[in-house]
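**Q** attaching a predicted model along with its sequence, questions to come.
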Amino acid sequence: MKICIVGGGSTYTPELIEGFINISKAMPVDEIYMLDIPESEEKFRIVSEFAGRMVAKSGLNIKLKASMDAEAAFDGADYIIFQFRAGLMQGRINDELTPLEFGLIGQETTGMGGMACALRAFPIVEQYVDLARKRSNNARIISFSNPSGMLTEFMLNYLNYDNCIGLCNVPIEFVLEASKSFGVRRDQVFLKYYGLNHLSWVENVIIDGRDRTEEMWDRFKLNMKNIPETDYEADFLQKLKLLPNPYLRYYYMTDKMLESEVEDRDSKGTRGQVILKIEEELLELYKQKELTEKPEQLSQRGGFMYSTVATELIRDMELDAGTMHIINKRNEGAIEDFPDDYVLEIPAEIKKATQGSMAMGRASKVVSGLIHTIKNFERLTIEGYLNRDENLIKMAMLIHPLGPTESKLEPLWKKLKEVNRDYFPEF
């Protein structure tokens with residue numbers, strides 16, 4: 001089995017290598033091909049050499065290659081993992097800083113920053129999907145690249161590449177929290193979990209077939225490394241009767257989150273700027289020839305359980321396991337009041353050839369309207385890109401709850417095009 005990692009120079013890559021070493025006990029991993037670009041050459045060299053030491057220490061017969069030759073990387077690949085960041089770290093920092101200039105949330109996965117991130121990524125995704133069709137072994141693309149949900153929507157419903165799954169580490173954090181809170185194994189937990197990537201909710205917690213939802217409200221407290229720790233009012237979740245993805249703070253607490261982002265910008269820096277410093281420290285560690293295991297400092301980078309999500313998914317597909325994973329896929333009957341072709345973040349039964357949706361009934365009326373709105377935003381953005389029609393993109397900006405008012409629309413769009421001029425297509 002050949003696995004290609006696109007964005008192999010990421011400081012996350014040692015997480016993945018550790019994951020592949022772990023699953024190699026259950027199934028063979030013959031070759032891991034790390035792919036990156038010349039702009040990341042030095043970082044790529046450091047990460048790939050460290051990854052090589054990790055594989056060597058494992059004693060496993062895994063062939064590890066690192067190259068900037070995309071055709072060779074994709075040639076005969078069975079799985080292709082997207083973890084590239086379009087526009088590199090400076091692109092993320094721009095996604096955070098630019099909307100803040102206009103009094104809007106700045107974030108690389110949601111809002112106007114998320115839209116800019118997607119517009120940078122679409123041309124790259126098109127090229128890689130075309131290459132996957134031509135050179136891979138009908139490879140399954142597993143995408144962590146941000147914004148994961150919109151890129152999966154793009155690949156499945158617009159590029160018609162059906163062998164594609166979008167992933168995020170947030171769902172497994174909910175599962176782990178439930179497992180810990182109720183004192184059970186992960187496989188004893190089922191969540192009625194639905195929505196979009198970074199716009200999702202837990203409606204029911206089922207432990208060993210028993211509904212324990214009413215017990216969860218006081219048990220769950222989930223914060224993410226990438227999000228300022230601003231908690232809801234004490235009784236908010238009791239009123240909502242849903243457990244929201246931590247990224248929903250940007251919607252439910254926009255004023256507080258915006259205030260926190262501005263404060264960070266003016267003091268320690270945005271999250272992207274903080275991560276830039278963490279990456280510098282990590283790369284210094286990775287250079288140490290005696291280092292052969294993932295360092296603890298990597299946990300500061302965010303992405304907890306990142307490797308577990310990706311590698312266990314691949315393992316369970318290869319073993320035709322029929323286990324449940326929460327992934328980004330077409331709805332296909334999971335939530336009955338959403339169209340079947342909506343790409344949602346939902347539980348699915350994982351087998352080698354299929355990822356079957358699990359029927360969960362209807363969505364809460366409290367959240368269904370927001371899901372429809374953001375899905376329309378995603379599709380307008382994609383169609384604006386494909387048709388090179390910036391008016392469609394401007395309409396997408398206007399309907400997004402974290403988007404600009406009419407008076408700020410043109411200036412914001414102009415600034416986004418300016419800071420992304422090396423990555424946006426011509427409109």
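**A** Structure received.

**Q** can you give me the helices in the stretch 101-250 of the chain?
**A** 111-135, 148-153, 170-182, 213-216, 236-240, 249-252 (DSSP state H, counting those that start in this stretch).

**Q** ugh, wrong one, the stretch 301-427 of the chain
**A** 306-318, 365-386, 390-399, 406-419.

**Q** now those helices in JSON lines, with mean neighbour count and mean pLDDT?
**A** (Each C-beta comes from the backbone N, C-alpha and C, glycine too.) Compiled in JSON lines, these are given as follows (neighbours: other Cβ atoms under 10 Å; pLDDT from 0 to 100):
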{"stretch": "helix 306-318", "mean neighbour count": "22", "mean pLDDT": "92"}
{"stretch": "helix 365-386", "mean neighbour count": "19", "mean pLDDT": "98"}
{"stretch": "helix 390-399", "mean neighbour count": "18", "mean pLDDT": "98"}
{"stretch": "helix 406-419", "mean neighbour count": "15", "mean pLDDT": "98"}
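
**Q** out of those, flag the one nearest residue 159.
**A** Among the helices of the stretch 301-427 of the chain, the nearest to residue 159 by Cβ to Cβ is helix 365-386 (9.6 Å).

**Q** identify the residues contacting that closest one?
**A** 115, 118-119, 122, 149-150, 153-154, 158, 195-196, 199, 201, 240-242, 251, 337-338, 342, 344, 363, 389-393, 395-396, 399-401, 425 (Cβ atoms under 8 Å, 6 or more residues apart in numbering).

**Q** can I get the buried part of the residues you listed as one ChimeraX selection?
**A** Those of the contacts of helix 365-386 that count as buried under 16 or more other Cβ atoms under 10 Å are selected in ChimeraX with:
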select :115,118,119,122,149,150,153,154,158,195,196,199,201,240,242,251,338,342,344,363,392,393,395,396,400
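
**Q** redo the helices of the stretch 301-427 of the chain as CSV? Include distance to residue 182.
**A** Listed next are the helices of the stretch 301-427 of the chain as CSV, based on distance: least, Cβ to Cβ, whole Å:
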stretch, distance to residue 182
helix 306-318, 20
helix 365-386, 24
helix 390-399, 39
helix 406-419, 45
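
**Q** looking at those, spot the one closest to residue 102.
**A** It is, among the helices of the stretch 301-427 of the chain and with distance given as Cβ to Cβ, helix 406-419, at 5.0 Å.

**Q** circling back to that earlier point, closest one to residue 27 among the helices of the stretch 301-427 of the chain?
**A** So among those, helix 306-318 is nearest, using Cβ to Cβ, at 5.1 Å.

**Q** residue 151 contacts residue 120, doesn't it?
**A** No - Residue 151 is not in contact with residue 120 according to Cβ atoms under 8 Å; the separation is 10.9 Å.

**Q** neighbour count for these two, which is higher?
**A** residue 151 (29 against 21; other Cβ atoms under 10 Å).

**Q** so what does the residue lying closest to residue 143 once chain neighbours are set aside have for phi and psi?
**A** Closest residue in space to residue 143, ignoring its immediate chain neighbours: residue 82 at 4.1 Å, by Cβ to Cβ, 6 or more residues apart in numbering. Taking degrees, to the nearest 10, you get phi -90, psi 120 for the backbone angles of residue 82.

**Q** residue 82 bridge partners, please.
**A** For residue 82, the beta-bridge assignment (DSSP bridges) gives partners residue 6, residue 143.

**Q** for it, report the pLDDT, please.
**A** Per-residue pLDDT puts residue 82 at 97.

**Q** which residues sit in contact with it?
**A** Per Cβ under 8 Å, 6+ apart, neighbours of residue 82: 6, 7, 125, 128, 141, 142, 143, 144, 145, 151.

**Q** ditto for residue 415
**A** Per Cβ under 8 Å, 6+ apart, neighbours of residue 415: 98, 101, 102.

**Q** can you list those in TSV and add distance to residue 264?
**A** Listed next are those as TSV, based on distance: Cβ to Cβ, whole Å:
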residue	distance to residue 264
98	15
101	15
102	17
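
**Q** in a strand, residue 60, correct?
**A** No - Residue 60 sits outside any strand when classified using DSSP: H, G, I helix; E, B strand; the rest coil, being coil.

**Q** once you drop chain neighbours, what's closest to it?
**A** residue 24 (5.2 Å).

**Q** surely the one you found and residue 62 touch.
**A** Yes - the criterion here is Cβ under 8 Å, and residue 24 meets it with residue 62 at 6.8 Å.

**Q** who does residue 206 form a beta bridge with?
**A** Residues in a beta bridge with residue 206, per DSSP bridges, are residue 190, residue 211.

**Q** run a quick neighbour tally on it.
**A** Neighbours of residue 206 (other Cβ under 10 Å): 15.

**Q** and the closest residue to residue 264 other than its chain neighbours, what does it touch?
**A** Take residue 264 and drop its neighbours on the chain: the residue closest to it by Cβ to Cβ, 6+ apart is residue 270, 6.0 Å away. Residues in contact with residue 270 (Cβ under 8 Å, 6+ apart) are 93, 96, 97, 106, 261, 264.

**Q** would you reformat those residues as JSON lines and include neighbour count?
**A** Shown next, in JSON lines, are the contacts of residue 270 (neighbours: other Cβ atoms under 10 Å):
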{"residue": "93", "neighbour count": "22"}
{"residue": "96", "neighbour count": "21"}
{"residue": "97", "neighbour count": "18"}
{"residue": "106", "neighbour count": "31"}
{"residue": "261", "neighbour count": "22"}
{"residue": "264", "neighbour count": "18"}
